[in-house]
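Colleague: Next comes the sequence, and after it the predicted model I'd like to discuss.
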Amino acid sequence: MYGRDPWGGPLEIAADSATDDDRSRNLQDYDKGALSSRQLDETQQSWLLGPTEQKKKKKYVDLGCIIISRKIFLWTVGSILAVGLLVGLIALIVKLAPRRHHAAPPPDNYTQALHKGLMFFNAQRSGKLPKHNNVSWRGNSCMNDGKSDTGTIFKDLKGGFYDAGDAIKFNFPKSFAITMLSWSVIEYSAKYEAAGELNHVKEIIKWGTDYFLKTFNSSADSINQLVAQVGSGDTSGGSTTPNDHYCWMRPEDIDYDRKVTTCSTCSDLAAEMSAALASASIVFKDNKAYSQKLVHGAKTLYKFAREQRGRYSEGNEAATFYNSTMYWDEFVWGGAWLYYATGNNSYLTIATHPKMAKHAGAFWGGPDYGVLSWDNKLAGAQVLLSRLFLFLSPGYPYEEILSAFHNQTNIIMCSYLPYFNSFNRTKGGLIQLTHGRPQPLQYVVNAAFLATLYSDYLEASDTPGWTCGPNFYSTDVLRQFARTQIDYILGKNPRKMSYLVGFGKHFPKHVHHRGASIPKNKIKYSCKGGWKWRDTKKGNPNTIIGAMVAGPDSRDGFRDVRTNYNYTEPTLAGNAGLVAALVALSGDKGVGIDKNTMFSAVPPLFPNPPPPPAPWKP
């Protein structure tokens, strides 16, 4: 076959008779290496290489933002899952494995002592005891108080607390004790809560206030008499009439008649009981009905105190045991508490009246000035009203007298310091607030409470300290004073003895206390039959845990003798001050006081402007 050459010459194309199949087979005879220099597509390469030499096609995973090998992707995901499974397994093992819990740090000495100090009140309960009283050697006692006395209208007087180592219920020191406990709860409820004692101390307070409400017509607006005392301790003239001092019996075994003493002119007692109910009403402010009941009773008592003037101990046996020197300090004290409980300015007007302060001895000092006790409430009232001055500053017309109270409080705090000569100290460091008189500890603990509380007041009002003359002292100085005194009581003294029963290894074993000194057995000892337990040299069979005894003498000496009550008898008022001081010092110092609860009933203050100055005369 001939074709035309495009360049003009002939072109011969040889005819190929081979079939397409033959040509395909013949391709295998060509030099494959020579053909490889040509760029062939994948299909062509597959033709050349054949099925056995064809490269495997890689598989990829498109993740959107990146394309990676499927093999790497699967390996990565598998690794992540394996690690996650391993971590989860380890976490499960850790969670299910038994743990060794680290024990909480032991409570400080003040908190440990606080637990014990409150137990004393359980041992002093009269009447039908609650099942959880936790004093194994105590039982129901004096269930007929009031019923056997034909000279009184008050027939249900069971309950309350026995005052000390006897079975008398003295309302004057008892009401002071309840006021002190209530004050400590209002200021330091968070510390009580942290110690696990808030419900306990509130129950103790209510045990006292429930009894007080029985001792007068608490539902009336006006009264004309009040129970001052149940039981008798008069042994004058060699009397052998069975009573709570002549006899040495368990309270549970008392079978003699118990006299009820009432009063119709007892301003000091009524005002102190008013303070107890008013302060407790703030403690129980969440129980509105009970709080209002307490407030009403406090108002009635204060009105009675103001209208029918007189000292409760005048002309009766109370003068021998708890003699009251005046009632003006109770007027200031009770008026201040009623103001906080009600917000009624009329009570503040009474408490801050200059003549009232003058009568109470706020400005004339004296050897016992600044000593808070069941008899003299002035120092406590001044600290209490300094609170109002520091935090609310009510202005005119109260500012002048509140400022004076605040200044006097500073002077009292100065008197507690060892740099001044207001009070002597024993060689062991115990401050002599009673100037060497016996039973010193109940006064010391009250001073320790006031000092710690006032230091907390200053810190809460952003005041770093106070001045004594030209010298400035920080609030830590006050706390240090309180610590040294409480530490002395707890055993840091020359005798290495704790004066708190049950605290430490060395404490009094012959406490002047009838119930603790007579074994709990099935024998009922008569009035004089119990004398053998009073006079024995053996230690008490029952440990009255938490009782703070009367204390050492002015030379740090102490006689652990049951018959000497000046050394070994505990009291309600003394233990109340101790508990207040202990809770103030316990726990974390940073907790401080509760600034607001005290003022929960006080309305916003809008001070009146002071009167204009007198016209100028040439």
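Modeller: Nice, I can see it. Residues are numbered from 1 along each chain as shown.

Colleague: Return the distance of the spatially most central residue of the chain relative to residue 199.
Modeller: Nearest residue to the geometric centre of the chain (Cα atoms, centre = their mean): residue 192, 2.5 Å. Distance, residue 192 to residue 199, by Cβ to Cβ, to the nearest Å: 9 Å. (Each C-beta comes from the backbone N, C-alpha and C, glycine too.)

Colleague: Settle this for me: residue 439 is touching residue 553, isn't it.
Modeller: No. If you go by Cβ atoms under 8 Å, residue 439 and residue 553 don't touch, sitting 10.0 Å apart.

Colleague: Can I get stretch 266-283 in CSV, CA atoms only?
Modeller: Written as CSV, here are the backbone C-alpha positions of stretch 266-283 (Å, rounded to 0.1, in the frame of the first residue of the first chain):
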residue,chain,number,x,y,z
CYS,A,266,-34.9,43.3,145.8
SER,A,267,-33.8,45.6,143.0
ASP,A,268,-30.4,44.0,142.6
LEU,A,269,-31.7,40.5,142.2
ALA,A,270,-34.6,41.5,139.9
ALA,A,271,-32.3,43.6,137.7
GLU,A,272,-29.8,40.8,137.5
MET,A,273,-32.4,38.2,136.6
SER,A,274,-33.7,40.7,134.0
ALA,A,275,-30.2,40.8,132.5
ALA,A,276,-30.1,37.0,132.4
LEU,A,277,-33.5,36.7,130.6
ALA,A,278,-32.7,39.6,128.2
SER,A,279,-29.3,38.2,127.2
ALA,A,280,-30.7,34.7,126.8
SER,A,281,-33.5,36.1,124.5
ILE,A,282,-30.7,37.1,122.1
VAL,A,283,-29.2,33.6,122.3
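
Colleague: what's the residue nearest to the centre of the chain in contact with, if anything?
Modeller: Residue 192 sits next to 184, 185, 198, 201, 583 when contact means Cβ atoms under 8 Å, 6 or more residues apart in numbering.

Colleague: Tell me the spacing between the first one and residue 175.
Modeller: Going back to what we said before, that points to residue 184. 15 Å.

Colleague: Also the second one?
Modeller: Counting by Cβ to Cβ, the gap from residue 185 to residue 175 is 16 Å.

Colleague: now do the last one
Modeller: Distance of residue 583 to residue 175, computed by Cβ to Cβ: 20 Å.

Colleague: Repeat that for the fourth one.
Modeller: Using Cβ to Cβ, residue 201 is found at 16 Å from residue 175.

Colleague: next SSE after the top helix by length along the chain?
Modeller: The longest helix of the chain (DSSP state H) is helix 70-96. As assigned by DSSP states H and E, the chain's next helix or strand after helix 70-96 is helix 109-123.

Colleague: contact partners of that following helix?
Modeller: Contact with helix 109-123 is made by 133-135, 138, 161, 195, 197, 200-201, 204, 207, 486-487, 490, 500-503, 515-516, 544-548, 570, 572, 575, 578-579, 582-583, 585-587, as judged by Cβ under 8 Å, 6+ apart.

Colleague: what's the model's confidence in the helix or strand containing residue 387, averaged?
Modeller: Counting by DSSP H and E, the element that carries residue 387 is helix 378-391. Helix 378-391 carries an average pLDDT of 98.

Colleague: Pull out the buried positions in it.
Modeller: 378-390 (16 or more other Cβ atoms under 10 Å).

Colleague: Equivalent analysis for stretch 263-274, please.
Modeller: Residues of stretch 263-274 classed as buried: 263, 265, 266, 267, 268, 269, 270, 271, 272, 273, 274 (neighbour count, 16+ other Cβ under 10 Å).

Colleague: for stretch 252-264, same thing?
Modeller: Residues of stretch 252-264 classed as buried: 252, 253, 254, 256, 257, 258, 259, 260, 261, 262, 263 (neighbour count, 16+ other Cβ under 10 Å).

Colleague: Isn't the second one up against residue 525?
Modeller: Looking back up the chat, that one is residue 253. Yes. Using Cβ under 8 Å, residue 253 is in contact with residue 525, at 6.6 Å.

Colleague: Okay, and the closest residue to residue 396 other than its chain neighbours sits in which element?
Modeller: Among residues not flanking residue 396 along the chain, residue 610 sits closest, at 4.5 Å (Cβ to Cβ, 6 or more residues apart in numbering). Under DSSP H and E, no helix or strand contains residue 610.

Colleague: so what's the backbone phi/psi at residue 610?
Modeller: With angles defined as degrees, to the nearest 10, residue 610 sits at phi -70, psi 160.

Colleague: ditto for residue 431
Modeller: Per degrees, to the nearest 10, the backbone of residue 431 is at phi -70, psi 140.

Colleague: can you count the residues close to it?
Modeller: 23 (other Cβ atoms under 10 Å).

Colleague: can you check residue 132 too?
Modeller: Using other Cβ under 10 Å, residue 132 has 8 neighbouring residues.

Colleague: From residue 329, how far out is it?
Modeller: 37 Å.

Colleague: And for residue 307?
Modeller: When distance is defined by Cβ to Cβ, residue 307 is 18 Å away from residue 329.

Colleague: got it, and residue 447?
Modeller: From residue 447 across to residue 329, the span is 16 Å (Cβ to Cβ).
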